[in-house]
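Asker: Sequence and computational prediction follow.
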Amino acid sequence: MTTTDTARPGTASFAVRRPASQGAPAGLPPVGHFINGAFVPGSSPELLDVVNPATEAVLASVPAGTAADVDAAVEAAVAAQVSWGATTPRERSEVLHRIADILEANRAELEHLEAANTGKPRSVAEDDVSSTIDTFRFMAGACRTLTSLAGGDYAGGHTSVILREPVGVVGVITPWNYPLLMAAWKIAPILAAGNSVVLKPSEQTPLSTLKLAELVAGHIPDGIFNVVTGQGRTVGQRLSEHPDIALVALTGSVASGQAVAATAARSVKRVHLELGGKAPVVVFPDADLAAAAAGVRNAGYWNAGQDCGAACRVLVHESVAEEFTRLLVQEVASLVVGAPDAGDDVEIGPMISRQHFERVKEALAAAKAAGLRTAVGGSALEGPGYFIEPTVITDVPAGAPIASHEIFGPVVTVETFASTEEAVKRANETPYGLSASVWTRDSALSLSVPKQLDFGTVWVNAHLVLANEVPWGGFKGSGYGRDLSLYALDDYSRTKHVMINHGV
Ligand code: NAD
C-alpha cells in the first residue's frame, strides 16, 4: 500500500509515491573497517552518518577513516598479496565464483540495502546485484584464458617469454551512484589478476560494500580484500599517496580524478580513472523516432539520471525535432517517481544527498533564467527526500552550460542540428568522452558517425546497454583505463619480458 504526496501546483503531474510505512532495513553490516578478514574499529572516534535519501533518516554511522587506518589495511594487503599472487588462475577463479555464489544467496538483502542507502528503485537495485554477480563470474572465467605474444626466438639464439604479473596492492575509490556494482567492477578483475585490494567506498553509500565484506569474510583469503570507510580527502588521499600501493583506481568526478592523479604522480603510481560523462544522443531524420524517445526514457532517467553514461543530451535533426520532442515528452510524463519500497513500478528515486539535490535545482533554475523552455517537469518535489521531477528542457542553443556540464539528475536537454557534420562537431564539443549514441536506420551513418565520435562507447539504436565481455571507459575528461572485459585484466596486471640466451 502506498501514499502519494501531491506535486507543487503549476508543475506536471509528478508526485512522490511513498510506502505506507518505512521500516529500517534489515541486515545492516557491522560498523568498522574491514581489515585482514575482520571488522575493526577506526583509529578515530569520529563517525559519518549514512542517510536514506528517500526519507532523510539516518541509517547507520560508519567510522571516518584516517591515514593510520589505511596504513593498517595496506599492511594486511601487502602480506596477503604474496600468497594470493602465487595462486593459479584456477584457484583464483574458484574464489571469485565463491563470491558470486555468496552474492546470489544473499541477493534480496543486498538489493534492499542498496535501495535503502541510495533511494534507487528496486528494479535498478536488482539489476545492479545481477550485474555484480555476473562481473565476478565473468572475471572468474576470463582470468583462466589470458593470451599474449607467443613465446619464441625474436632475437637469434634468444627465446622470449612474456609473463603477466599482478601489480601488487591496488587502492580503489568508488562513487555513490552504483556502490556495489562499481566496487565489483574493480574488485573482480583486481583479484582475478592476483592483486589485493584496499577499497574506500563513497562516504554517502558504504553499506553494500561493508555487507559484501561481511558476507565473504572467512570464505576468501584474509587480507586480499579490505575496506576503509571515510572521506576522500583523508582516506582517498592516503590511498593515492601510499608508497606500498602500486595502482589507484577511482570512479568518480573529474575533480576527484585530477586530485588522485596529481597525488599519485608523486610516487609514480599507476592510475585508472573512470570519471564523468555527458552523453550525446544523436537522432538522425531517418531514425525510428518512437524507439529513440523510448530509449532516452530508459537511458536518460535510469537511476534518476545519476549515471555517468546517462542519455542526457539529445541532438536531433531540425526536420524531426518537433515530432521527437513530442514523443519524448509523452514518454517522460509517464515516469513514476517514488521511494524504493513504494512499488515495483517506481522508476525514479531521489538525488543522493541534499547537497546534490541543491546542485540539480540550481542547474534547473539557471536554465530557466537563461530562457530555455521546460517541456515537462523542471521542479523539485515535496520532501522528505531529495526528489526532482523528470525533466525535458528544449530550445537549448549550442554551447549552453546545461548541455555541456554533468547535471547527474533526471534532466534531458534537446538541441537541434542541420547537417551530419554539425551533429558530429557539436556532439564532440564536450570536455567528456565516455559514451554517446546514434539513432539512424542508414547503415552507412551507423558506422561512419561512430567512427568520428570521440567517446569510449558509441551505441547505435541503443543506449546504456552494457555487458561484461566488452570494455567500458572514457576518453578526454572522462579519464582513462577500462572497466569490464579482458581490457580490465590488462589494466590491473603488468607484463614482464624474460629473454633466455640459449646460444651460449
Ligand atoms: P566524487 O568524485 O565526489 O566521489 C567519488 C569518490 O572519490 C568518493 O569515494 C569520494 O570520497 C572520493 N574522493 C573525493 N575527493 C577525493 C580526493 N581528493 N582524493 C581521493 N578520493 C576522493 O564522485 P561521486 O559524486 O561519488 O560520483 C559521481 C561522479 O562519478 C560523477 O561525475 C559520475 O559521472 C562519476 N561516475 C563515473 C562512472 C564511470 O564509469 N565513468 C561511473 C559512475 C560514476
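Answerer: Here it is on my side, so go on.

Asker: Output the below-cut-off pLDDT ranges for the stretch 251-400 of the chain.
Answerer: Applying pLDDT under 70 to the stretch 251-400 of the chain flags no residue at all.

Asker: Apart from its chain neighbours, what residue comes closest to the residue of it found nearest the ligand?
Answerer: For the stretch 251-400 of the chain, the residue closest to the ligand is G252, as judged by Cβ to the nearest ligand atom, at 2.7 Å. (Glycine included, C-beta is placed from N, CA and C.) Among residues not flanking G252 along the chain, P175 sits closest, at 4.8 Å (Cβ to Cβ, 6 or more residues apart in numbering).

Asker: next one: phi and psi at that neighbour?
Answerer: Backbone torsions of P175, given as degrees, to the nearest 10, read phi -90, psi -180.

Asker: residue contacts, it?
Answerer: 182, 202, 251-253 (Cβ atoms under 8 Å, 6 or more residues apart in numbering).

Asker: Select from these every entry located in strands.
Answerer: T251 (DSSP state E).

Asker: can I get the contacts of P175 in CSV with distance to S334 and neighbour count?
Answerer: Formatted as CSV, those follow (distance: Cβ to Cβ, whole Å; neighbours: other Cβ atoms under 10 Å):
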residue, distance to S334, neighbour count
M182, 29, 27
S202, 31, 25
T251, 31, 27
G252, 32, 24
S253, 31, 16
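
Asker: got the contacts of P175 as a markdown table, with distance to V504 columns?
Answerer: A markdown table is the format used below for those (distance: Cβ to Cβ, whole Å):
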| residue | distance to V504 |
| --- | --- |
| M182 | 52 |
| S202 | 57 |
| T251 | 50 |
| G252 | 53 |
| S253 | 56 |
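
Asker: And the closest residue to the ligand within the stretch 51-200 of the chain, how far from I352?
Answerer: For the stretch 51-200 of the chain, the residue closest to the ligand is P175, as judged by Cβ to the nearest ligand atom, at 3.2 Å. Computed as Cβ to Cβ, to the nearest Å, the P175 to I352 distance reads 9 Å.

Asker: I102: how many residues sit nearby?
Answerer: Applying other Cβ atoms under 10 Å, we find 18 residues neighbouring I102.

Asker: list the contacts for it?
Answerer: With Cβ under 8 Å, 6+ apart, I102 has these contacts: 215-216, 219.

Asker: Return the set of buried residues in the helix or strand where it lies.
Answerer: Taking DSSP states H and E as the criterion, I102 maps to helix 89-105. Using 16 or more other Cβ atoms under 10 Å as the test for burial, helix 89-105 gives 89, 92-93, 95-96, 99-100, 102-103.

Asker: and if you look at stretch 48-62?
Answerer: By 16+ other Cβ under 10 Å, the buried positions in stretch 48-62 come out as 48, 50-55, 59-60, 62.

Asker: Check the offset of it from the chain's centre.
Answerer: 21 Å (Cα atoms, centre = their mean, to the nearest Å).

Asker: just stretch 374-385 next, same as before
Answerer: 25 Å.

Asker: What lies in contact with that stretch?
Answerer: Contacts of stretch 374-385 (Cβ under 8 Å, 6+ apart): 5-8, 11-12, 14-16, 53-56, 119, 325, 328-329, 332-333, 337, 339, 350, 357, 361, 364, 367-368, 387-394, 410-411, 414.

Asker: tell me which parts of the stretch 301-450 of the chain are close to the ligand?
Answerer: Contact residues (Cβ under 6 Å from any ligand atom) of the stretch 301-450 of the chain with the ligand: 308, 406, 408, 434.

Asker: And the furthest pair within those?
Answerer: Longest distance between any two of those is 12.6 Å, between F408 and L434; criterion Cβ to Cβ.

Asker: by contact count, what packs against the lengthiest helix in the chain?
Answerer: Criterion DSSP state H: the longest helix present in the chain is helix 122-142. Packing partners of helix 122-142 (3 or more Cβ pairs under 8 Å, 6 or more residues apart in numbering; DSSP states H and E): helix 89-105, helix 107-118, helix 179-192, helix 485-491.

Asker: Redo those helices as TSV? Include mean pLDDT.
Answerer: What follows is these, written out as TSV (pLDDT from 0 to 100):
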stretch	mean pLDDT
helix 89-105	98
helix 107-118	97
helix 179-192	98
helix 485-491	97
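
Asker: Pipe those into a markdown table and attach distance to the ligand per row.
Answerer: Supplementary listing: the helices and strands packed on helix 122-142 in a markdown table, determined by distance: least, Cβ to the nearest ligand atom, whole Å:
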| stretch | distance to the ligand |
| --- | --- |
| helix 89-105 | 20 |
| helix 107-118 | 11 |
| helix 179-192 | 6 |
| helix 485-491 | 12 |
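
Asker: Show me which of the contacts of stretch 374-385 are buried.
Answerer: Buried residues within the contacts of stretch 374-385, counting neighbours by 16+ other Cβ under 10 Å: 5, 7, 11-12, 14-16, 53-55, 119, 325, 328-329, 332-333, 337, 339, 350, 357, 361, 364, 367, 387-394, 410-411, 414.

Asker: Just the ones in helices from these, please.
Answerer: Counting by DSSP H, the buried ones among the contacts of stretch 374-385 contribute 325, 328-329, 332-333, 357, 361, 364, 367 to helices.

Asker: returning to what we had before: report the distance from the helix holding I102 to the chain centre.
Answerer: 22 Å.

Asker: what's the answer for stretch 429-449, then?
Answerer: Counting by Cα atoms, centre = their mean, stretch 429-449 comes out at 22 Å from the chain centroid.

Asker: ok, now stretch 75-90?
Answerer: 27 Å.

Asker: Buried residues of it, list them for me.
Answerer: For stretch 75-90, using 16+ other Cβ under 10 Å, the buried residues are 75-78, 80-81, 84-85, 89.

Asker: What is the neighbour count of V296?
Answerer: 29.

Asker: how about the host helix or strand of it: buried residues?
Answerer: V296 belongs to helix 289-301 when assigned by DSSP H and E. Neighbour-count burial for helix 289-301, counted by 16+ other Cβ under 10 Å, picks out 289, 292-293, 295-297, 299-301.

Asker: Can you pull the phi/psi pair for E56?
Answerer: According to degrees, to the nearest 10, E56 has phi 70, psi 10.

Asker: How about the contacts made by it?
Answerer: 354, 383-386.

Asker: let's go with 6 Å and repeat that
Answerer: Applying Cβ atoms under 6 Å, 6 or more residues apart in numbering, we find E56 in contact with P384.

Asker: per-residue confidence at it?
Answerer: You'll see E56 listed with a pLDDT of 97.

Asker: and the nearest residue to G276 once chain neighbours are set aside, how many neighbours does it have?
Answerer: Among residues not flanking G276 along the chain, E406 sits closest, at 4.6 Å (Cβ to Cβ, 6+ apart). E406 has 24 neighbouring residues, counting by other Cβ under 10 Å.

Asker: Surely E406 and K278 touch.
Answerer: Yes - counting by Cβ atoms under 6 Å, K278 is a contact partner of E406 at 5.5 Å.

Asker: quick one: secondary structure of T145?
Answerer: Per DSSP: H, G, I helix; E, B strand; the rest coil, the secondary structure class of T145 is coil.

Asker: correction: L466
Answerer: L466 is classified as coil under three-state DSSP.

Asker: Share the number of residues neighbouring it, please.
Answerer: Applying other Cβ under 10 Å, I find that L466 has 17 neighbouring residues.

Asker: now swap in D344 and tell me
Answerer: 11.

Asker: swap in D286?
Answerer: 13.

Asker: Now do the contacts for it.
Answerer: 440-442.

Asker: so of the buried residues of stretch 75-90, which ones are in helices?
Answerer: 75-78, 80-81, 84-85, 89.

Asker: can I get those in TSV with distance to A418?
Answerer: Converted to TSV, these look like this (distance: Cβ to Cβ, whole Å):
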residue	distance to A418
E75	61
A76	60
A77	55
V78	59
A80	59
Q81	57
W84	57
G85	57
P89	54
